[in-house]
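Colleague: here is the input, now give the coordinates:
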Amino acid sequence: MSRETINSQQWVERYSDAMFRFALLRVNDDEHAEDIVQNTFLAALKAKDSFAGLSSEKTWLFGILKNKIMDHYREKKKNQKYGMSLEDYHDPCDSDYDGRGHWQSFSFNWGMDPEKTVVDKELLLIFSGCMNTLPQKLRQLYIFREVEGYNSETICSALDITPNNLWVMLHRARNRLKKCIEVHLLEND
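Modeller: Numbers count the residues shown, from 1 in each chain. Down below sits the predicted model:
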């Protein structure tokens, strides 16, 4: 299908639900997610003539959406103090390590085949629920780094944090997710 045959109404019909879910996962606020998707469509409409067709329209629109999400956080940083400090995130999960950074006890044996785990819907539901238990800022950092794959410099700049804060908070987010998943897996046994 050529790009000339697709108009902005077709974009909305085809991609708005997926784009909204994508944005909502990253900003965790319905209104902001809706605004970001609308801004994405407006930007795409303005840049429609520059779309070279080197990727699918969906890929092109989601690329714009990702940039609008980062713009949202940059704007948020400008308008309020969004800085984070390590002291804001004391985490009881950190007590799993001794003074040298080694595990005090061995980790839970998950007893799963890695290939099966990838497609295991139950685990995905548990993971999603555990993501929702993370504090908003830890959740955002985790999504930017582990889901979106943004580099540290981009994340630190957008959220006004130091690289050390980023890595410590990512470590804490991973630990919380691990513990939450383990608890749910034990409950289901």
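
Colleague: any idea whether residue 149 is helix, strand or coil?
Modeller: coil (DSSP: H, G, I helix; E, B strand; the rest coil).

Colleague: what residues are up against it?
Modeller: Contacts for residue 149 (Cβ atoms under 8 Å, 6 or more residues apart in numbering) come out as none. For glycine as for every other residue, the C-beta is placed from the backbone atoms N, C-alpha and C.

Colleague: for residue 173, same thing?
Modeller: 134, 138-139, 141-142.

Colleague: between which two of those is the distance greatest?
Modeller: 134 and 141 (9.1 Å; Cβ to Cβ).

Colleague: which of these two has more neighbours?
Modeller: The neighbour comparison of residue 134 against residue 141 (other Cβ atoms under 10 Å) goes to residue 141, with 25 against 19.

Colleague: any idea how far residue 66 is from the more buried one?
Modeller: Going from residue 141 to residue 66 by Cβ to Cβ, to the nearest Å gives 16 Å.

Colleague: residue 142 now?
Modeller: Residue 142 is 16 Å from residue 66, by Cβ to Cβ.

Colleague: so what's the residue at minimal distance from the centre of the chain closest to, chain neighbours aside?
Modeller: Residue closest to the mean C-alpha point of the chain, counted by Cα atoms, centre = their mean, is residue 143 at 2.2 Å. Nearest residue to residue 143, sequence neighbours excluded (Cβ to Cβ, 6 or more residues apart in numbering): residue 26, at 5.5 Å.

Colleague: tell me which element the one you found is part of?
Modeller: helix 8-27 (DSSP states H and E).

Colleague: what are the contacting residues of that helix?
Modeller: By Cβ under 8 Å, 6+ apart, helix 8-27 touches 30, 32-34, 36-37, 40-41, 44-45, 48, 57-58, 61-62, 65, 68-69, 72, 140, 143-144, 147-148.
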